[in-house]
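Visitor: dropping the sequence and predicted coords here.
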Amino acid sequence: MSSSESWLQSCKIYLEKRVAILFFFGFSAGLPILLVFSTLSFWLREAGVSRASIGFFSWIALAYAFKWIWSPFVDRLSIPILTRWLGRRRAWLLLSQISIILALIGMASSDPQQNLTLFAVFALIVAYSSATQDIVIDAFRIESAPEKFQAAMAAAYMTGYRLAMIMAGAGSLAIAAWASSSDAYQLSAWSMSYFVMAACMGVGIITTFVCHEPAYHDQQTAVKNKIQSKLEHQHLPQTIARFLAWLDIAVIAPFADFFNRYGKHALLILLLIGTYRISDIVMGIMANPFYVDMGYTKGEVAAISKVFGVVMTLLGAGLGGVLLTRYSTYSILFLGALLVVITNLIFAVLAFVGKDLVLLTVIISMDNISAGIATTAFITYISKLTNIEFSATQYALFSSMMLLFPKFIAGFSGVYVDSFGYVNFFVGSALIGVPVLGLIVVLKKIIEE
């Protein structure tokens, strides 16, 4: 087989129905996160909220970092009526998607200048419901297909995810700009934008009804054995024995399984998971306030993101999926992390030079292609670490760890910018990503030798 035929064969996997379903679920997952992250930062900054407050406001997104706490319940519990109708995974999907829509409507109906606390409550509900949706989609993806499809499904998911982020980023800015009668802050414009975003969540609901419930691992026998063991050997009442057996299966077993499989390397793997996206996340919270402070209009940022952002998103996610079928996961993880560091340094150049639409175009293009490659590689990596018997809980743990430390550090980004300026901030956000590159090299040598 020639090299060109080999590449063509690698690309054909994207025609699989299971892969296409993940594209639409990716869109549903990617839409809410920017609406409580960088797009929200733009809204708050235009409304006159301080950079320091915006930085602390970003801690709302820590809901994504703590989703492992309630993931065992999502993994095991049934929802009355909905589970009998749709199955466990699709029931949780529908519930979380409806919650996101209602909370977005609540944000659209609120005014951060008049009642920032109420506004924050609705944003927190969006983040919590979105994190719950992520738990279920990740489990659905892992359970829906064997490992040979996972890289392509991760790439399709990321393509939908990144397109949704452009919709929630450039799209929401474009709608707000179109609905504004001037460049001054207008609540009605932002309300219109968030109402449209709520309507776009209909994509996820339609996909939930169209897809099939995956054939996940049935652990009823395991639970019964645990109950019997506790009844016979610990002489516990049946209600307590049943609860402890469920706790063992749903909470303890997923964590114990990971450490049993990876032994002494488990902590290094968790360290990589917890720091891989630190450079990207710390920088991301200040990107839109930076655009506002540099004098870019919503229309300018939206127009560039809409054209170059879409193209580079498709290129980055698709290229990441193809590269993962040809090279080791650690190699593509390194490439993605390196590109993110370079992108942050280009942000520092723009902060030094001043407003420049050409350089902004380069940055947005680089940001989308590097994020596409890095995130596709990372999703594939942690999917391979996950045992399908504990798919929702383990994947939620890994993806939560990815966000916990970076999101906490990002909360101080506004204070840092106020003290040291944007140039130092972007250089610093790039430098904190350099140790990650060394960690990938070390793990690649240990695991692949």
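Guide: Sure, I can see it.
Visitor: what is the neighbour count of residue 69?
Guide: For residue 69, the count of nearby residues is 12 (other CB atoms under 10 Å). For the C-beta atoms, the positions are set from N, CA and C on the backbone; glycine is no exception.
Visitor: likewise residue 64?
Guide: Residue 64 - counted by other CB under 10 Å - has 24 other residues nearby.
Visitor: list phi and psi for it.
Guide: Per-residue torsions, residue 64: phi -70, psi -30 (degrees, to the nearest 10).
Visitor: for residue 277, see how far away it is.
Guide: Residue 64 is 11 Å from residue 277, where distance means CB to CB, to the nearest Å.
Visitor: same thing with residue 133?
Guide: Distance, residue 133 to residue 277, by CB to CB: 19 Å.
Visitor: comparing these two, which residue is more hemmed in?
Guide: Legend: neighbour count by other CB under 10 Å for residue 133 and residue 277, higher for residue 133 (28 against 24).
Visitor: tell me the SS of that one?
Guide: Assigned with DSSP: H, G, I helix; E, B strand; the rest coil, residue 133 falls in the helix class.
Visitor: what helix or strand is the nearest residue to it once chain neighbours are set aside located in?
Guide: With CB to CB, 6 or more residues apart in numbering as the criterion, residue 133 has its nearest non-adjacent residue at 4.0 Å, and that residue is residue 96. Residue 96 is part of helix 88-108 when elements are defined by DSSP states H and E.
Visitor: tell me what that helix is packed against?
Guide: Judged by 3 or more CB pairs under 8 Å, 6 or more residues apart in numbering; DSSP states H and E, helix 88-108 is in contact with helix 17-35, helix 82-86, helix 116-144, helix 187-200, helix 202-210.
Visitor: list the buried residues of it.
Guide: 88-97, 99-101, 103-108 (16 or more other CB atoms under 10 Å).
Visitor: again, but for stretch 281-296
Guide: 281-292, 294, 296.
Visitor: format the residues you listed as TSV; extra columns: pLDDT.
Guide: Supplementary listing: the buried residues of stretch 281-296 in TSV, determined by pLDDT from 0 to 100:
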residue	pLDDT
281	85
282	86
283	86
284	79
285	77
286	84
287	82
288	78
289	84
290	88
291	86
292	83
294	87
296	85
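Visitor: ranges for the helices of the stretch 251-400 of the chain?
Guide: Assigned by DSSP state H, counting those that start in this stretch, the stretch 251-400 of the chain shows helices spanning 253-262, 266-275, 278-294, 298-304, 310-326, 329-353, 357-385, 391-410.
Visitor: just put those in JSON lines and tack on distance to residue 21.
Guide: Shown next, in JSON lines, are the helices of the stretch 251-400 of the chain (distance: least, CB to CB, whole Å):
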{"stretch": "helix 253-262", "distance to residue 21": "25"}
{"stretch": "helix 266-275", "distance to residue 21": "26"}
{"stretch": "helix 278-294", "distance to residue 21": "27"}
{"stretch": "helix 298-304", "distance to residue 21": "29"}
{"stretch": "helix 310-326", "distance to residue 21": "15"}
{"stretch": "helix 329-353", "distance to residue 21": "23"}
{"stretch": "helix 357-385", "distance to residue 21": "15"}
{"stretch": "helix 391-410", "distance to residue 21": "16"}
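Visitor: closest one to residue 171 among those helices?
Guide: For these, distance to residue 171 was read as CB to CB. The smallest value, 7.3 Å, belongs to helix 298-304.
Visitor: CA-only coordinates of that closest one in PDB, if you can.
Guide: Below are the C-alpha coordinates for helix 298-304, written out as PDB (Å, rounded to 0.1, in the frame of the first residue of the first chain):
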ATOM      1  CA  LYS A 298     -16.800  42.500  18.900                       C
ATOM      2  CA  GLY A 299     -17.300  42.500  15.200                       C
ATOM      3  CA  GLU A 300     -13.600  42.300  14.400                       C
ATOM      4  CA  VAL A 301     -12.900  39.500  16.800                       C
ATOM      5  CA  ALA A 302     -16.000  37.600  15.600                       C
ATOM      6  CA  ALA A 303     -15.200  38.000  11.900                       C
ATOM      7  CA  ILE A 304     -11.600  36.700  12.200                       C
END
